[in-house]
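Q: Please work out how this folds:
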Amino acid sequence: MYRTHGARVISGFLCLLSVTILSAGCSVESVDSAGGEGGGGAGAAVGSGVRRIQVDGSSTVAKVAAAVQEEFESRFADTKVALKVTGSGTGFKEMIAGRIDVANASRGVKESELADCAANGIELLELRIALDGLTVCVNKENDWVDAVTTGQLHRIWAAGSEARTWKDVDAAWPDEPLSLFGPGEESGTFDFFTEEINGEEDSITENYSASADDNVTITGISGEKGGMGFFGYAYFYANQDKVRALKISATDDPADAVAPTSETVKSGSYAPLSRPLFIYVKKESLKKPEVQDYVRFFLTDGQKMVSDVGYVPLDDAELKSAQQALEAAISEVTGAE
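A: Model prediction:
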């Protein structure tokens with residue numbers, strides 16, 4: 001089951017790499033940061049009559065956020081969504097510093113981040129926007145495994161792991177070098193995977209190549225016969241011609257393994273790697289009509305883009321709960337009835 005449920009308003013004391021998603025395919029380029037020092041801060045207007053919404057955080061959420069950005073800007077021509085992708089942890093740091101309106105996150109906010117929020121007088125609205133199945137992938141030439149247990153994943157990825165070949169993990173597997181790729185510690189996906197598989201957040205083998213760009217992880221896996229890595233399902237969905245997803249068993253029996261699909265993620269049977277995805281909105285920013293419009297769009301027409309990129313949309317009850325939480329927060333900060 002998921003560790004965080006529903007939409008909640010979080011009050012606390014808070015929330016550099018300046019990169020932006022240019023398309024739903026999530027290619028990343030450096031851009032100027034109009035919301036940084038001297039840029040006018042979160043939600044600053046850019047140019048004559050153009051309003052800017054500052055968004056930063058998770059590369060996992062960025063897959064859908066980029067699609068939402070494109071459609072939203074086509075409908076609201078006077079508004080620019082400045083979407084940056086630095087990882088969930090860095091997104092929260094940017095929120096703590098008061099530089100953004102919305103933090104994308106592939107994990108729930110940490111208590112330490114809430115404490116920093118509280119220290120800076122920033123109040124957050126947590127909104128669940130989709131479901132994801134964190135996906136473990138291997139090279140397309142890997143013909144010896146289609147399912148792994150969480151125990152086998154632990155032997156591969158745990159801190160201090162001595163597994164250097166596939167045979168070190170299972171004697172039935174070949175003596176092929178293990179080439180491991182994945183996100184770094186700034187990533188919410190990294191936090192989620194290490195806690196669920198290794199039993200401790202941030203605990204991981206040194207025998208892997210880390211990158212903040214999930215496309216780099218895809219390239220690494222596809223370039224090594226013994227490659228393995230992990231990322232949000234949408235990256236597998238967009239790269240099925242390059243890598244292959246493994247089924248995951250939460251027991252010691254590979255026969256119990258479940259493939260990541262919309263149905264298994266939604267039901268939670270893809271365990272323990274099913275998870276919710278979030279956006280965290282600075283409540284003060286909800287005084288701005290453009291931020292209201294953007295978040296409302298994410299929770300209405302934007303839900304179509306959730307499935308378009310490969311994630312699982314919220315069910316009707318969850319979506320209604322998130323929408324009601326948003327409207328309540330808007331009423332609270334604007335004084336509207």
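
Q: quick one: the helices in the stretch 51-200 of the chain?
A: Ranges of helices within the stretch 51-200 of the chain are 59-75, 88-96, 111-119, 150-157, 166-169, 188-198, based on DSSP state H, counting those that start in this stretch.

Q: Those helices into a markdown table, with extra columns for mean pLDDT and distance to Arg51?
A: Placement of C-beta: from N, CA and C, glycine included. Output for the helices of the stretch 51-200 of the chain, formatted as a markdown table (pLDDT from 0 to 100; distance: least, CB to CB, whole Å):
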| stretch | mean pLDDT | distance to Arg51 |
| --- | --- | --- |
| helix 59-75 | 97 | 11 |
| helix 88-96 | 97 | 19 |
| helix 111-119 | 95 | 24 |
| helix 150-157 | 98 | 44 |
| helix 166-169 | 98 | 53 |
| helix 188-198 | 97 | 28 |
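
Q: which one of those helices is the most hemmed in?
A: Of all the helices of the stretch 51-200 of the chain, helix 88-96 has the most neighbours on average by mean count of other CB atoms under 10 Å, namely a mean of 26.

Q: That helix to helix 188-198, inter-axis angle?
A: Helix 88-96 and helix 188-198 are oriented at 130 degrees to each other (axes from the mean of the first three to the mean of the last three CA atoms, to 10 degrees).

Q: which residues touch helix 88-96?
A: Helix 88-96 is contacted from outside by 14-17, 56-58, 60, 84, 86, 100, 103-107, 109-110, 113, 116-117, 120, 122, 124, 185-189, 191, 280, 282, using CB atoms under 8 Å, 6 or more residues apart in numbering.

Q: what's the answer for stretch 295-312, then?
A: If you take CB under 8 Å, 6+ apart as the criterion, stretch 295-312 is touched by 24, 63-64, 67-68, 71-72, 75, 102, 127, 129-133, 232-234, 236-238, 262, 265-266, 277, 279, 281, 286, 313-314, 319, 322-323, 326.

Q: at 7 Å instead, please
A: Residues from elsewhere that reach stretch 295-312, judged by CB atoms under 7 Å, 6 or more residues apart in numbering: 24, 63-64, 67-68, 71-72, 127, 129-132, 233-234, 237-238, 262, 265-266, 277, 279, 281, 313-314, 319, 322-323, 326.

Q: Narrow the residues you listed to those in strands?
A: If you go by DSSP state E, the contacts of stretch 295-312 have 127, 129-132, 277, 279, 281 in strands.

Q: export these to CSV and tack on neighbour count?
A: Putting the ones in strands among the contacts of stretch 295-312 into CSV (neighbours: other CB atoms under 10 Å) gives the following:
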residue, neighbour count
Leu127, 25
Ile129, 27
Ala130, 31
Leu131, 23
Asp132, 28
Leu277, 28
Ile279, 27
Val281, 29
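
Q: Ala257 is nearest to which of the helices of the stretch 51-200 of the chain?
A: Closest approach to Ala257 among the helices of the stretch 51-200 of the chain (CB to CB): helix 150-157, 9.9 Å.

Q: What lies in contact with that closest one?
A: In contact with helix 150-157 (CB under 7 Å, 6+ apart) are residues 136, 161, 163, 169-170, 178, 197-198, 204-205, 248-250, 252, 272.

Q: Out of those, which comes closest to Thr217?
A: For these, the nearest to Thr217 is Val136 (11.2 Å; CB to CB).

Q: ok, how many other residues are close to the closest one?
A: The number of residues packed around Val136, counting by other CB atoms under 10 Å, is 25.

Q: Wait, it touches Lys247, no?
A: No: at 9.1 Å, Val136 does not count as touching Lys247 under the criterion of CB atoms under 7 Å.

Q: picking up where we left off before, which of the contacts of helix 150-157 has the largest number of neighbours?
A: Ile248 (28 neighbours).

Q: Name the SS class of it, please.
A: Three-state assignment for Ile248 (DSSP: H, G, I helix; E, B strand; the rest coil): strand.

Q: Pop the domain breakdown of this protein in here.
A: 8-130+278-334, 135-259 (automatic domain parsing).

Q: which of the ones in strands among the contacts of stretch 295-312 lies closest to Asp214?
A: Nearest to Asp214 among the ones in strands among the contacts of stretch 295-312 is Asp132, at 12.2 Å by CB to CB.

Q: Now do the contacts for the closest one.
A: 60, 106, 232-233, 265, 275, 277, 311 are the contacts of Asp132 under CB under 7 Å, 6+ apart.

Q: State the distance from it to Val61.
A: 9 Å (CB to CB, to the nearest Å).
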